[in-house]
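Chemist: Turn this into a model:
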Amino acid sequence: MKKINLAISGCMGRMGQQLIKSSKKSKNFKLVTLTENRQISKKFIGIMPELNSEKAFKKADVIIDFTVPDCTMDILKIVSKLKKRVVIGTTGFNRNQENQIKKYSKKIPILKAGNMSLGVNLLMYLTEIASKSLNEQYLSKIFEIHHKHKKDYPSGTALMLGKGIADGKNKNLYNMIGKKFLNKRSFPYGKKINFNSIRKGEIIGEHEVKFSSGKEIISLNHEAFDRTLYSDGALTAAKWLMKKKAGLYSMRDLLNFS
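Modeler: The predicted model follows:
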């Protein structure tokens with residue numbers, strides 16, 4: 001079987017470094033390109049990182065992107081011209097950027113996920129079912145913890161879970177986002193979805209969705225303790241995307257949740 005030529009953008013980041021390790025062990029991929037948004041003078045497994053450019057991405061079949069929103073948008077502008085496939089693990093996009101990604105997906109196949117974990121995507125599915133099943137008396141909130149280096153909040157995963165709640169009510173997520181708290185010991189339920197984000201230590205990721213009627217509380221949660229969970233998921237997504245036409249996909253499409 002011919003190996004898939006892989007490019008990793010954001011190669012100096014935590015996920016970028018993990019993806020380099022995981023791709024090296026994979027039988028399905030050949031790592032051909034590493035990129036960063038600044039000059040790097042150190043080689044990784046024999047590859048010198050480059051700046052994002054047509055030249056850098058030309059030899060790749062698929063790009064896995066774990067960077068920051070502005071960088072992702074620059075990458076999409078480049079690779080849409082080259083008709084390359086992109087797996088986006090970047091989080092923190094604003095509404096305008098989300099709309100731009102949808103436009104790019106009309107030209108190229110894009111799989112975008114706030115979290116590449118099977119367990120988290122199952123949790124989102126269960127969250128949607130719970131939200132759909134519970135009446136308006138049940139208020140909701142989402143709690144998440146990540147390492148102290150993570151800048152955006154709520155996390156992309158927390159927003160994914162929020163979308164699960166919104167989808168269950170047939171509502172738009174942006175219209176359902178309530179208050180966003182940072183490093184609070186406790187926070188209230190709301191008619192809209194309230195979020196509390198904790199940033200401390202080197203925690204990989206913990207997420208919890210809670211529904212309360214005032215008489216009972218229903219909790220759904222997930223804890224990650226190995227970063228390979230995400231890199232393996234991203235590589236699975238990249239392989240799956242190779243057979244897809246232009247469009248915007250999610251891990252839910254890959255996992256075939258109905």
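
Chemist: so what are the domain limits for the protein?
Modeler: Domain ranges of the chain: 4-112+227-255, 118-224, per automatic domain parsing.

Chemist: What's the mean pLDDT across the last one?
Modeler: This means domain 118-224. Looking at domain 118-224 alone, the average pLDDT works out to 95.

Chemist: For it, measure first residue to last.
Modeler: This stretch, domain 118-224, spans 11 Å end to end (Cα to Cα, to the nearest Å).

Chemist: coming back round to it: any chance of a markdown table for the domains of the chain, columns mean neighbour count?
Modeler: All C-beta atoms are positioned from the backbone trio N, CA, C, and that covers glycine. Converted to a markdown table, the domains of the chain look like this (neighbours: other Cβ atoms under 10 Å):
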| stretch | mean neighbour count |
| --- | --- |
| domain 4-112+227-255 | 18 |
| domain 118-224 | 17 |
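
Chemist: In which helix or strand does Lys171 reside?
Modeler: When elements are defined using DSSP states H and E, Lys171 is found to belong to no helix and no strand.

Chemist: again, but for the one 10 residues further on
Modeler: Take DSSP H and E as the rule and Phe181 turns out to sit in strand 177-182.

Chemist: so after that strand, what's the next helix or strand?
Modeler: Elements were assigned by DSSP H and E; along the chain past strand 177-182, the next helix or strand is strand 193-199.

Chemist: Now do whatever helix or strand comes next after that next one: which elements does it pack against?
Modeler: From strand 193-199 onward toward the C-terminus, using DSSP H and E, the following helix or strand is strand 205-212. In this structure, strand 205-212 packs against helix 118-133, strand 139-146, helix 156-168, strand 217-224, with contacts taken as 3 or more Cβ pairs under 8 Å, 6 or more residues apart in numbering; DSSP states H and E.

Chemist: if we can go back for a sec, outside of the strand holding Phe181, which residues touch it?
Modeler: The contact list for strand 177-182 (Cβ atoms under 8 Å, 6 or more residues apart in numbering) reads 153-154, 162, 187, 190-197, 199.

Chemist: got the CA positions of that strand in PDB?
Modeler: Only the C-alpha atoms of strand 177-182 are listed here, as PDB (Å, rounded to 0.1, in the frame of the first residue of the first chain):
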ATOM      1  CA  ILE A 177     -23.700  30.400  25.000                       C
ATOM      2  CA  GLY A 178     -24.100  32.000  28.500                       C
ATOM      3  CA  LYS A 179     -21.400  33.100  30.900                       C
ATOM      4  CA  LYS A 180     -17.800  32.100  30.500                       C
ATOM      5  CA  PHE A 181     -15.900  31.700  33.800                       C
ATOM      6  CA  LEU A 182     -12.100  31.200  34.300                       C
END
